[in-house]
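J.: Sequence unavailable; structure follows:
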């Protein structure tokens, strides 16, 4: 299984360990759903489908974590910049990083665990 990686221009971050299963790939259809006073269901389709990639890291090496902090703060600039995410199957997706705060825990010596949320744009 290829390691996941992020690419933006000449910058890239390839994680030294492959992603751990299970891998979530939720898809959300954006709709407003409500009921009338008579109980009839009303649905307004907003015409947008949202695809997200929640990525869970367990035992991420310190070097990868430090590189991720740089990516988050300087390259992706939080959610400001769109970049290419190559998933565990090598498929490229244009995404934004929707994790405003990296809140990774140190799980053992020089190992970190935490989550990122990426959302497909375009």
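T.: On my side now, so go ahead. As the structure is a prediction and not an experimental result, all values here were calculated from the model. Numbers count the residues shown, from 1 in each chain.
J.: Can you give me the buried ones in the host helix or strand of residue 45?
T.: Element membership for residue 45, per DSSP states H and E: strand 41-61. Buried residues in strand 41-61, defined by neighbour count with 16 or more other C-beta atoms under 10 Å: 52-53, 55, 57, 60. (Each C-beta comes from the backbone N, C-alpha and C, glycine too.)
J.: Show me what that strand is packed up against.
T.: Counting contacts by 3 or more C-beta pairs under 8 Å, 6 or more residues apart in numbering; DSSP states H and E, strand 41-61 is packed against strand 27-35, strand 92-97, strand 105-108, strand 111-120.
J.: For the buried residues of strand 41-61, which two are the farthest from each other?
T.: Largest separation among the buried residues of strand 41-61 by C-beta to C-beta: 52 and 60, giving 19.9 Å.
J.: ok, residue 106 to residue 61 distance?
T.: 12 Å (C-beta to C-beta, to the nearest Å).
J.: Can you give the contact residues for stretch 114-121?
T.: 50-57, 60, 68, 82, 85, 93-99, 102-105 (C-beta atoms under 8 Å, 6 or more residues apart in numbering).
J.: Give the buried residues for stretch 70-83.
T.: 71-72, 75-76, 79, 83.
J.: Now render those as a markdown table, adding secondary structure and pLDDT.
T.: What follows is those, written out as a markdown table (DSSP: H, G, I helix; E, B strand; the rest coil; pLDDT from 0 to 100):
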| residue | secondary structure | pLDDT |
| --- | --- | --- |
| 71 | helix | 97 |
| 72 | helix | 97 |
| 75 | helix | 97 |
| 76 | coil | 97 |
| 79 | coil | 95 |
| 83 | strand | 98 |
